[in-house]
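Undergrad: the sequence and its predicted three-dimensional model are supplied below.
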Amino acid sequence: MRICYLNHDLKEDTGAGRFGLSFIAGISAACPAVRPVVLTVEDCGHPLEAPVLHSDMLKMIFRIPRIRSFFKKCDIIHALDGFPYGVIAAVASLGLGKRLVITAVGTGAIQPLQNPVKRLLLGWAYRRADRVIAVSNYTKREISLRAKGLDISVISHAVDSREFDGSNHDELIEEERAVIQRMKPYMLSVGGGKKRKGYEYSFLAFAEVIKQFPRLNYVVVGHDIKNTPAESLGVADKTFCFFGIRRPFLRALYRNAELFMLLPYDDRGDVEGFGLAFLEAAAAGLPIVGTYGNGAEDAVENGENSILVEPRNSGAAAAAAVKILLDPRLKEKFSKGSVDFAKRMSWDKVAKEYIEIYKAVLKSKIKHQNAK
């Protein structure tokens, strides 16, 4: 089974890259007969990638002949988000008779539907696809509000819980160990610097939390402290920001944190479609504070491993964090709940669901051909 995927990149330090790498690894493990190739925008040297896509939609159009040359060799085309990858996949596959699957991930699946022209293009691509799968019920709901009548399945992201449970015996360099010891105890956030991540509110929440826990620090992975209110809130000396860190160091940061907080919100259609970092935090056994109204609702179990609050409410987030930190029994309950939840959200489970979808769409193609 030859499958051509479309994704932005295959880098370990980006959300799209981590999703793509984990997804394809899961598919390959579940079905060794799958032969994947990944069309990407950025070239990172991965053996499966072909960097033939472009971030500019107009320039992407001129690359359609090259894209079609890959499509002709495959059985299934699978776009890992709606816009632009689902649209370009739908356009470039016209007349080829290939099966098309679109996974609706987040902003690229929802925000374009607010623009009249892009709504026509993306809505057409969704309807042309043999299957549309959303990574969360939130993503499905938001698409359905703007593109009526679509049949959308939900298959959430997953996590390899063993990667974060400490069993892989990460080899940290001495400097990394020393940094972690110097920062402890700390609250952790992991996510890029986009406004939708809600850092403006998590910093406000942290400033409130340290009134009761003055020794607590704040560790942020993926965001620049200069673009936060840390200085004005007087917490810059208690804030540590990291970029481009080694994967073993990231895992260690998760495992040594007191709790995980990320407070995403809808920034004019730029949304958190799922929130892979929530699952990574769960796999590391962390209690979690998050928000309603985004994909995090599917990435945690509210009341079992987390407390969700309304978006843009730093006071409620601070109160949730304090509640967890003050109650060792609740913290332990959430820690165990996170580990159990992460084990259920496995790539093995997700991959098997997708393999069944691949088989179903190929079977429907054969039936259609026979009917002719």
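TA: Arrived safely, thanks for sending.
Undergrad: which residue sits closest to residue 335, ignoring its sequence neighbours?
TA: Closest residue in space to residue 335, ignoring its immediate chain neighbours: residue 285 at 4.6 Å, by Cβ to Cβ, 6 or more residues apart in numbering. Placement of C-beta: from N, CA and C, glycine included.
Undergrad: ok, now how distant is the one you found from residue 319?
TA: According to Cβ to Cβ, to the nearest Å, residue 285 stands 22 Å off from residue 319.
Undergrad: neighbour count winner among these two?
TA: Neighbour comparison, residue 285 and residue 319: the larger count goes to residue 285, with 23 against 17 (by other Cβ atoms under 10 Å).
Undergrad: quick one: secondary structure of that one?
TA: The three-state assignment at residue 285 reads coil, by DSSP: H, G, I helix; E, B strand; the rest coil.
Undergrad: what is the burial count for the nearest residue to residue 55 once chain neighbours are set aside?
TA: Distances taken as Cβ to Cβ, 6+ apart put residue 41 closest to residue 55, at 5.3 Å, once the chain neighbours are dropped. Around residue 41 sit 19 other residues, with neighbours defined as other Cβ under 10 Å.
Undergrad: begin at 829 from now on, thanks
TA: Got it, the first residue is 829 from now on, which makes the last one we talked about residue 869.
Undergrad: look up how far residue 1001 lies from residue 869.
TA: Summarising the geometry, the distance separating residue 869 from residue 1001, computed by Cβ to Cβ, is 32 Å.
Undergrad: follow-up on the earlier one: so the residue nearest to residue 1163 is in contact with residue 1165, correct?
TA: No: the criterion here is Cβ atoms under 8 Å, and residue 1113 misses it with residue 1165 at 9.3 Å.
Undergrad: so which bits of stretch 917-928 are buried?
TA: Buried positions in stretch 917-928, judged by neighbour count with 16 or more other Cβ atoms under 10 Å: 917, 918, 919, 920, 921, 926, 927, 928.
Undergrad: residues making contact with it?
TA: Residues from elsewhere that reach stretch 917-928, judged by Cβ atoms under 8 Å, 6 or more residues apart in numbering: 834, 889, 892, 895-896, 899-900, 902-907, 930, 952-953, 956-958, 1186, 1189-1190, 1192-1193.
Undergrad: for this protein, what helix or strand is lowest in average pLDDT?
TA: Lowest by mean pLDDT, DSSP states H and E among the helices and strands of the chain is helix 1175-1199, with a mean of 83.
Undergrad: residue 1090: what's it in contact with?
TA: By Cβ under 8 Å, 6+ apart, the contact set of residue 1090 is 1017-1019, 1025-1026, 1030, 1103, 1105-1106, 1117-1119, 1124.
Undergrad: top of these by neighbour count?
TA: Across those, the neighbour count under other Cβ under 10 Å reaches its highest value at residue 1106, namely 32 neighbours.
Undergrad: just say helix, strand or coil for that one.
TA: Assigned state for residue 1106: helix (three-state reduction, three-state DSSP).
Undergrad: so what's it closest to, chain neighbours aside?
TA: Taking Cβ to Cβ, 6+ apart as the measure, residue 1106 lies nearest to residue 1127, with 3.8 Å between them; neighbours along the chain are not counted.
Undergrad: contact partners for the one you found?
TA: The neighbourhood of residue 1127, defined by Cβ under 8 Å, 6+ apart, consists of 964, 984, 985, 1102, 1103, 1104, 1106, 1107, 1110, 1118.
Undergrad: what's the answer for residue 1101, then?
TA: Contacts were defined as Cβ under 8 Å, 6+ apart; by that measure residue 1101 touches 932-935, 937-938, 962-964, 966-967, 1122-1123.
Undergrad: the residues you listed: which two are farthest apart?
TA: Largest separation among those by Cβ to Cβ: 932 and 1122, giving 14.0 Å.
Undergrad: sorry, back to before: drop anything exposed from the contacts of residue 1101.
TA: 932-935, 937-938, 962-964, 966-967, 1122-1123.
Undergrad: in which helix or strand does residue 854 reside?
TA: Under the criterion DSSP states H and E, the helix or strand holding residue 854 is helix 843-858.
Undergrad: partners of the following helix or strand past that helix, with directions?
TA: As assigned by DSSP H and E, the chain's next helix or strand after helix 843-858 is strand 863-867. Partner strands for strand 863-867, per DSSP bridges, with pairing direction: strand 830-834 (parallel), strand 877-878 (parallel).
Undergrad: turn these into CSV, including mean pLDDT and mean neighbour count.
TA: Written out in CSV, the entries for those read as follows (pLDDT from 0 to 100; neighbours: other Cβ atoms under 10 Å):
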stretch, mean pLDDT, mean neighbour count
strand 830-834, 98, 22
strand 877-878, 97, 18
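Undergrad: list the contacts of the closest residue to residue 1153 other than its chain neighbours.
TA: Closest residue to residue 1153 apart from its sequence neighbours, by Cβ to Cβ, 6+ apart: residue 1041 at 5.9 Å. With contacts defined as Cβ under 8 Å, 6+ apart, the neighbours of residue 1041 are 1013, 1150, 1153.
Undergrad: ok, residue 894 next?
TA: Residues residue 880 are the ones in contact with residue 894 under the rule Cβ under 8 Å, 6+ apart.
Undergrad: report the secondary structure state of it.
TA: The assignment at residue 894 comes out as helix when based on three-state DSSP.
Undergrad: again, but for residue 886
TA: With three-state DSSP as the basis, residue 886 sits in helix.
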